[in-house]
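Asks: Sequence and predicted structure, then a few things I'm wondering about:
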Amino acid sequence: MTFNPSALSQSWPMPSQPRPIVTFGAGSIVGDAHFPAYKKAGFPVAGLYDPDRAKAGKLAAQWGVRAFASVAEAAAVEGAIFDLATPPARHAEVLKALPDGAVVLIQKPMGNTLDEATEILSICRQKKLKAAVNFKLRFAPMMLALKDAVRKGWLGEVVDFDAWLALDTPWRLWEFVLTSPRVELALHSIHYLDVIRQLLGDPAGVHARSLGHPNHTVAQTRTSAILAYGEAVRCSLSINHDHKFGRRHQACEFRISGTEGAAYLQLGVNLDYPRGEPDILEIYPKGGDDWVTVPLSGAWFPDAFVGRMANVQRFAAGEDAELVSSVEDAWNTMALVEAAYRSSAVPATPLARKP
């Protein structure tokens, strides 16, 4: 069989009758990604709420939607999909205000810590919420295509996963990040840990070191991590958000190798965020003799947000049997993040002293 890159799946099916969306939060991610994606997909937005009334009003006017006066008013919209674009510390209070049985998409991370994730999981269980966490990288066209290529056997058995980032990330865009005790793993590399879990399953453990930088006060912006998958699979992440020396040697890429093929991905949005550069997916397929470029039908931003919401909408309507990244599954990604922070806090193995 000849490898046909155009035959790889890159999008999620659309819901037949999308429900209105109520968004909590008016930060940059809403204006840069959520609302552009929903407009592109034709998903109706009923309105938004943010405690900063001025910010909420400005964004609502820009997108022609309603700015709700309170959490209670926003939560009263019947039949809505509730879209939490809130800082992680505020997820629980908003979830408690939603009607029992509501359908919810929760911005990642699922709380700041595993304890907060457990509280969120408990709230969702008690209120019987149909809740997923917005791990949208799973829905990026390049990631859907990669998953399809792996499923079809074009890489053989995956045995190596490398994530390599050397970036100049504008943390100032997210005010709450500047004072957060947990940043890099909890707010950024959590995406990569989540897609690794989807591709390889849960690791047995993790070795990690995450730290800040002398030139600023953001808690952590640099991470090295190794995920333990037994004797056959090597999985590592090298992340540096402080590579502020021009574009020439910056990078944001995955290299994935199998026993019979390989894949290369560039995650373009992180290069000059939020404008970004194109995403790239190239595959060296089983039985091939060169790299093949997969023509992509979209990008991580905003198209992954379309697919993420489409799955939530379709699950609510009974059109999808699985709610991808449900809170039950997302808790496991949070457990991996927590393990990485615990590992980072443990001293390194000391060298032997010369006798």
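Replies: All right, it came through fine.

Asks: Which parts of the helix ranked longest in the chain count as buried, going by neighbours?
Replies: Secondary structure of the chain read by DSSP state H shows that its longest helix is helix 327-345. Neighbour-count burial for helix 327-345 flags 327, 329-331, 333-334, 336-341, 343-344 (criterion: 16 or more other Cβ atoms under 10 Å). (C-beta placed from N, C-alpha, C; glycine too.)

Asks: could I get those residues as CSV with distance to residue 102 and pLDDT?
Replies: Output for the buried residues of helix 327-345, formatted as CSV (distance: Cβ to Cβ, whole Å; pLDDT from 0 to 100):
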residue, distance to residue 102, pLDDT
327, 13, 98
329, 19, 98
330, 17, 98
331, 19, 98
333, 22, 98
334, 21, 98
336, 27, 98
337, 26, 98
338, 27, 98
339, 31, 98
340, 32, 98
341, 31, 98
343, 36, 98
344, 36, 98
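
Asks: Among the residues you listed, which pair sits farthest apart?
Replies: 327 and 344 (25.1 Å; Cβ to Cβ).

Asks: from the buried residues of helix 327-345, which is closest to residue 136?
Replies: Closest to residue 136, out of all of the buried residues of helix 327-345 and judged by Cβ to Cβ, is residue 330, at 12.1 Å.

Asks: Thought residue 134 was touching the closest one, still the case?
Replies: No - counting by Cβ atoms under 8 Å, residue 330 stays clear of residue 134, with 9.2 Å between them.

Asks: Common neighbours of these two, please.
Replies: 106, 108 (Cβ atoms under 8 Å, 6 or more residues apart in numbering).

Asks: ok, back up a step: of the buried residues of helix 327-345, closest to residue 313?
Replies: residue 327 (17.2 Å).

Asks: For residue 118, see how far away that closest one is.
Replies: 10 Å (Cβ to Cβ, to the nearest Å).

Asks: Assumed residue 277 was part of a strand.
Replies: No - using DSSP: H, G, I helix; E, B strand; the rest coil, the assignment for residue 277 is coil, not a strand.

Asks: What's the local residue count around it?
Replies: 17 (other Cβ atoms under 10 Å).

Asks: next one: residue 25
Replies: Applying other Cβ under 10 Å, I find that residue 25 has 24 neighbouring residues.

Asks: you'd agree it is up against residue 106?
Replies: No - taking contacts as Cβ under 8 Å, residue 25 lies outside contact range of residue 106: 11.0 Å.

Asks: so what's in contact with the two at the same time?
Replies: residue 84.

Asks: Just put the buried residues of helix 327-345 in TSV and tack on distance to residue 72.
Replies: Listed next are the buried residues of helix 327-345 as TSV, based on distance: Cβ to Cβ, whole Å:
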residue	distance to residue 72
327	23
329	30
330	26
331	28
333	31
334	28
336	35
337	32
338	33
339	38
340	37
341	35
343	42
344	40
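
Asks: which of the residues you listed lies closest to residue 355?
Replies: Nearest member of those to residue 355, counting by Cβ to Cβ, is residue 343, at 30.2 Å.

Asks: Setting aside sequence-adjacent positions, which residue approaches that closest one most closely?
Replies: Spatial nearest neighbour of residue 343, excluding adjacent residues (Cβ to Cβ, 6 or more residues apart in numbering): residue 208 at 4.4 Å.

Asks: Do I have it right that the one you found meets residue 223?
Replies: Yes - assessed by Cβ under 8 Å, residue 208 is found in contact with residue 223 at 6.6 Å.

Asks: Residue 116: what's it in contact with?
Replies: 88, 89, 91, 92, 110.

Asks: Pull up the overlap in contacts between residue 208 and residue 223.
Replies: With Cβ under 8 Å, 6+ apart, residue 208 and residue 223 have common neighbours 185, 340.

Asks: average pLDDT for the host helix or strand of residue 119?
Replies: Using DSSP states H and E, residue 119 falls within helix 114-126. For helix 114-126, mean pLDDT is 98.

Asks: Just the CA atoms of that helix, as CSV, please.
Replies: C-alpha atoms of helix 114-126 as CSV (Å, rounded to 0.1, in the frame of the first residue of the first chain):
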residue,chain,number,x,y,z
LEU,A,114,-3.4,17.6,41.8
ASP,A,115,-5.4,18.3,45.0
GLU,A,116,-7.3,21.0,43.1
ALA,A,117,-7.9,18.6,40.2
THR,A,118,-9.3,16.1,42.6
GLU,A,119,-11.7,18.7,44.0
ILE,A,120,-12.8,19.6,40.5
LEU,A,121,-13.3,15.9,39.7
SER,A,122,-15.4,15.5,42.9
ILE,A,123,-17.5,18.6,41.9
CYS,A,124,-18.1,17.2,38.5
ARG,A,125,-19.1,13.8,39.8
GLN,A,126,-21.4,15.2,42.5
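
Asks: With that, I have no additional questions.
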